[in-house]
Every structure is written in structure tokens, then in C-alpha cells.
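**Q** Predicted model and sequence follow; I will ask about them next.
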Amino acid sequence: MTVSMGRITARLAEPNESIPASLVTLINRNIGPPEPVGTDDVYIRSMYIVSDAVNSFGGRFPEEEHQRLAELLIDSPVMVGHRKDKLPVGRNFHAVKTHRDGCPWVRSYFYWLRSADGAADLAENIDGGIYKECSVAFTFSLPECSICGKDIRLCPHQPLEHYTRHGRRTTCHFNYRQLERVLETSMVYRGAVPGTSISKELAVGTGATVKESRSLEDFSRLDANKRYLIIPRYDAIEVRAGVKNGRLLFSLPNGTALGNESGYDYRPMDFQPAEPVRGLLVGYRGKDRCSVRETMQFMERQTGPASRLVLNVLPGQGIDAITDTGDRSGLDVRLIPHREASPREINRKALEITTRDGVELWPEDEDATEVLRLVYVPSQEELVTPSFYTLKCDAKSGAARLTLYPSDGSGCLSWMLPRFDTDLLLQGRMFAAWPVDPNAGGTPTAPSSTVKNRLASIVTEGEATVFEASGLLEGRFVLRPMVLNDRRGHLLGRIDREAL
């Protein structure tokens, strides 16, 4: 017998990229493509575009200019090699201030379409380290000399030249001031700023000062039976504020005094809390919010870019309202805009008060100073919280707990199954299911596994509940009413699609 040996061709497919839904929401909101894009339509990468280091031209972006640069980066094109005779290969849609290796950076997020010619090649070259450095083209009005503080075009100092100042040798550079516009960012063979890079890592930061936060991508992670407090997300200083002798005093959460020790005049004058209250202090330059660094600089020196302060008092401290005088002063006090919502209401209500950085959420029955804050960027399109179920099984006792979470807001349903086996259920076995309070801990006390899955449908007819599931429980199931030893419960079983 003749044995034929042929050539084997194999393709090892990488899993699809995991793109946070919040980033796609930012694309649709900040760029507004004619047809909204989804997670399967785009590639997304980020650039560490500038730090506060002196670049090869002798210029420097001081940290207090990073917020302004981040704002100007949005909706700027991404080019290759600053080539103006070529069309863009991508577009910046989001930018934040961040830190890397202890140094302040501006990080820009950009995207391009998977359907575009060469899209996969571009992603491969970035991820493989071929395209790894980047640069930015921009316009500005004032190159501020680091030696004398004047316009370096008009002073005697030269960038990158050495001078002796106060007995020390120093190298002159100039600070980019009065930024006007970002023309484009480019992938280049060598970046002017040391350490620029292009990254596939998409962890999203917003630059705000909340110490413990986590981006929320999936509402099914939330407790369907809880209500959540929503507040706008600001680049703000968390403070405690009290009134003494008619003056408003600030301190940091650790008790350190902040700002003028004699306090501040403020509006409205009827804000007289008996005890210091928690709040978010935001600095403004005209209508633009300042960075935390700029606001802190103003508080420490009483000078700086901030021209006005606003104390946003957090809710839940016995203050139901603060009178709005209508008169804008150097320091205004207001109750922070906020909403209360169930998980299925969050997106709609968050849209009413969101900032460009999104909103923060925490459960209403927990202290906002202790709970892990959730950060959410609402979508302009109404999101529908999917129906799902949880099945917690205890391998030792054989007990299980089944909980159904409908998306229509009708409330979840929960049963304990004293003796349960998933394989036998799928083979047609019926199991006793006893209704329990969905909010109660119940048993088993130490579940060995927790699986969250989707519900395609759920219908309650009288005392019977029919649901169609995917995941661990695959198929159509019914919970029929039963009475056993004078105890009312249900029988859980799998049914054919035609049966009820």
C-alpha cells in the first residue's frame, strides 16, 4: 500500500481583541462617525505622546499644560511620519493625563477601521514593535524661557545652551505655553520626546483623583436589586469643608489644612454645616475646568491659572439643597448634581449629568468614602441591561441556588435546590426548588463555583415560570408549582420548545 504524505497548512488564530465598550462609546460621542462603530469594527491603540521632559528641540510641556493638550488632541488625525501628502491612517478620540515610571505623561487613544486597506498590517506592525515611537504637531503662542521666564524669541538665551545661574550650571529650554491647536499625531522613526511609545494596552484612566475606581463595562456585574448614586466625574480635589467665624475652611481627607488658613468668603451665605462635609473642589479658568495640579497650586499660593473655585458638596450628609444665589463669585458652593438609579436606569440618568470623563457610581446604602467607586461613560444610545441568571453550586453538599435576573425591572427570583446535578437536569431529571428571598445570603454558604449566563426569555404564568437559557443551563426550562409536606415550592425541569 502506498502512503501519500501531503503538506500541512495550519493557521493559529489569535482570539479577538477585547476592546472596552466605553472606548467605543467615546469614539461615537467625540468623533461622531456617520455610522456608529462597534467593538468589532475598529482597532484601538494608545500613544504615550508627551511627558514633561525636554525634547530634542529644547521644548518642554510642563505638567500644568497636560490637561489642555489632552483636550486639544481629541479629533486630531493620526499620520505616518508627519506626511501631509498622505491621508490619515487613524484618529485620536480620547486623551488623558497619566503617570508612567513616576513621570507625568499625556496618553492619547486612537482608532482605525478594520475594513480599511492595510488595517491588519498596521496593527501587526504596532504590536510587533516596528512602529513604536510617536510625535505631535501643534501650534502655540508663547515659548517661555526657563531662565528668565520671557518669550525666548525676545530674550538673549538659546535653547539647549548652558548657562550659570545662582552659581549653578543649567541648560536652557523653553516651555510650550498658550497652546492653540493640535494639528496631528504621527508614528515616527524617532520621537522628539524621550520614551514615547505606542501601546496595545487599553486600560482607561481619566485623570481624576478618586483613589479607588474601576471602569464599568457590563451592567450585569451590578446588583439588580440595588439602587446606585450617580455623580459627575471631575478632575477635582477631595476635601472636607467647614465654616468658622463666617469663613469657609478646607482640609484634605487626611486632615491637612488646604489653602488660606483664615478661610474664604463664599456664596451662598446660608451654607452653614454643623460639621465639616465632604466635597469635590474644582478650579475654573473662565468656563474651563483646571487640572488638580493647577487647582492645588492656586490653593497653596493663592495665585495661578484658576480664577474661580466651586465646592461640589457630596449628597447624603444631611444637606438636601443649597440655595443658588445666581451671583457667581470667586468661590461658590453647590450640592453636586446627582441621580438615583437602578442598573437598567443608569445610562439614561447618567447622560443628564455626565462630564467628558463620565460619571461615578456607588451603592446608595454604602459610604462613598469606603466603597470602590465605579467609573462609567454613558452611551448616547440607550443601553438595555441583558437578562441573566446565576447558578451557585456547592460540590460538598450537592446543594445549589438558582437566581433569575430579568431586564424588565420586575425584580429577581431565587430558589434553593437541596440536591442538584446539572447533567441530570439536562437529561430530563426534575428537582425540587424552594423559593427564597433574593436578597438573603441563604445556603450553600461556601459555593464552589459561580457561573453567570444569559437568559434569552423569561415568562411567568400564574405560579409557573418558564425561561430559556444559554451557558451552563442550555435550553428551555420550567419551574412548576408543587406542594410537598404542606410546603409550597416548585419543580425545576427541562422541557421541549413546544411544551409548556
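**A** Nice, thanks for sending it over.
**Q** quick one: low-confidence parts of the stretch 351-500 of the chain?
**A** Scanning the stretch 351-500 of the chain for pLDDT under 70 picks out 365-373, 380-386, 408-410, 439-452, 496-500.
**Q** Do a quick rundown of the strands in it.
**A** Assigned by DSSP state E, counting those that start in this stretch, the strands in the stretch 351-500 of the chain fall at 359-363, 373-376, 388-393, 400-405, 413-417, 431-435, 449-461, 464-469, 475-484, 487-495.
**Q** Give me the sheet partners of the first one and which way each runs.
**A** In its sheet, strand 359-363 lies beside strand 228-232 (antiparallel), strand 373-376 (antiparallel), with partners assigned from DSSP bridges.
**Q** for those, which one ends up most surrounded?
**A** Highest mean neighbour count of the strands paired with strand 359-363: strand 228-232, a mean of 23 (counted as mean count of other C-beta atoms under 10 Å). Where you see a C-beta, it was placed from the backbone N, CA and C, and this is true even at glycine.
**Q** all strands of the stretch 201-350 of the chain, in order?
**A** Taking DSSP E, counting those that start in this stretch as the criterion, the stretch 201-350 of the chain carries its strands at 213-215, 228-232, 237-244, 247-251, 257-258, 277-285, 288-289, 308-313, 331-335, 339-341.
**Q** If you count neighbours, what's buried in the fourth one?
**A** For strand 247-251, a neighbour-count test (16 or more other C-beta atoms under 10 Å) marks 248-250 as buried.
**Q** Give me the distance between that strand and the centre of its chain.
**A** Computed by C-alpha atoms, centre = their mean, to the nearest Å, the chain-centroid distance of strand 247-251 equals 31 Å.
**Q** which residues touch that strand?
**A** Contact with strand 247-251 is made by 239-243, 257-259, 261-266, 271, 276, 281, 299, 311, 331, 333, as judged by C-beta atoms under 8 Å, 6 or more residues apart in numbering.
**Q** closest one to H162 among the strands of the stretch 201-350 of the chain?
**A** For H162, the closest of the strands of the stretch 201-350 of the chain is strand 277-285, at 34.9 Å, according to C-beta to C-beta.
**Q** now the nearest residue in space to P343 that is not next to it in sequence: how far from P315?
**A** Excluding its sequence neighbours, the residue lying closest to P343 (C-beta to C-beta, 6 or more residues apart in numbering) is L222, at 4.3 Å. Distance from L222 to P315, counting by C-beta to C-beta, to the nearest Å: 19 Å.
**Q** got it, and C155?
**A** For C155, the distance to P315 - C-beta to C-beta - is 52 Å.
**Q** and if you look at P363?
**A** Computed as C-beta to C-beta, the P363 to P315 distance reads 13 Å.
**Q** so where is the chain shaky, pLDDT-wise?
**A** In the chain (pLDDT under 70), the answer is 1-18, 102, 202-221, 325-328, 365-373, 380-386, 408-410, 439-452, 496-500.
**Q** now for the strand ranked longest in it, which elements pack on it?
**A** Counting by DSSP state E, the longest strand found in the chain is strand 174-188. In this structure, strand 174-188 packs against strand 59-60, helix 66-73, strand 77-80, strand 133-145, with contacts taken as 3 or more C-beta pairs under 8 Å, 6 or more residues apart in numbering; DSSP states H and E.
**Q** 10 Å - rerun?
**A** strand 42-51, strand 59-60, helix 66-73, strand 77-80, strand 90-100, strand 103-113, helix 119-127, strand 133-145 (3 or more C-beta pairs under 10 Å, 6 or more residues apart in numbering; DSSP states H and E).
**Q** tally of neighbours for I336?
**A** As a burial measure, I336 scores 19 neighbours (other C-beta atoms under 10 Å).
**Q** Go ahead and confirm it touches A321.
**A** No. Contact between I336 and A321 fails when scored by C-beta atoms under 10 Å: they sit 11.9 Å apart.
**Q** doesn't L473 make contact with N453?
**A** Yes. The criterion here is C-beta under 10 Å, and N453 meets it with L473 at 6.7 Å.
**Q** higher neighbour count, the two?
**A** L473 (21 against 15).
**Q** Quick one: residues contacting that one.
**A** 389, 391, 402, 422, 425-426, 451, 453, 455, 467, 492, 494 (C-beta atoms under 10 Å, 6 or more residues apart in numbering).
**Q** Which of the residues you listed ranks first by neighbour count?
**A** Neighbour tally across those (other C-beta under 10 Å): the maximum, 25 neighbours, falls on Y389.
**Q** give the contact list for that one.
**A** So Y389 contacts 402-406, 412-414, 451-455, 458, 467, 469-473, 477 (C-beta under 10 Å, 6+ apart).
**Q** So among those residues, which ones count as buried?
**A** Buried among the contacts of Y389 (16+ other C-beta under 10 Å): 402-406, 412-414, 455, 458, 467, 469, 472-473, 477.
**Q** Out of the residues you listed, give me the two with the largest separation.
**A** P406 and L472 (18.2 Å).
**Q** ok, the residue nearest to L183 when sequence neighbours are not counted - contacts?
**A** Leaving aside its sequence neighbours, L183 sits nearest to A137 (C-beta to C-beta, 6+ apart; 4.2 Å). If a contact means C-beta under 10 Å, 6+ apart, then A137 has 76-77, 79, 82, 84, 181-186 as its contacts.
**Q** So which of the residues you listed wins on neighbours?
**A** T185 (28 neighbours).
**Q** Just confirm it contacts R45, I think it does.
**A** No. Here T185 does not reach R45: they are 11.4 Å apart, not a contact under C-beta under 10 Å.
**Q** shared neighbours, the two?
**A** Common neighbours of T185 and R45, counting by C-beta under 10 Å, 6+ apart, are 78, 90, 108, 110.
**Q** neighbours around the third one, how many?
**A** The number of residues packed near S108 is 27, by other C-beta under 10 Å.
**Q** So it versus G242, what's the distance?
**A** 40 Å.
**Q** Please apply the same query to the first one.
**A** In this structure, V78 and G242 are 49 Å apart, going by C-beta to C-beta.
**Q** again with the last one
**A** The gap separating F110 from G242 is 45 Å, by C-beta to C-beta.
**Q** which residues touch the spatially closest residue to P143 that is not a sequence neighbour?
**A** Excluding the flanking residues, the one nearest P143 by C-beta to C-beta, 6+ apart is F174, at 4.1 Å. With contact taken as C-beta under 10 Å, 6+ apart, F174 is in contact with 54, 57-60, 142-147, 150-153, 155, 157-160.
**Q** Which among those residues count as buried?
**A** By 16+ other C-beta under 10 Å, the contacts of F174 give 54, 58-60, 143-147, 152, 155, 159 as buried.
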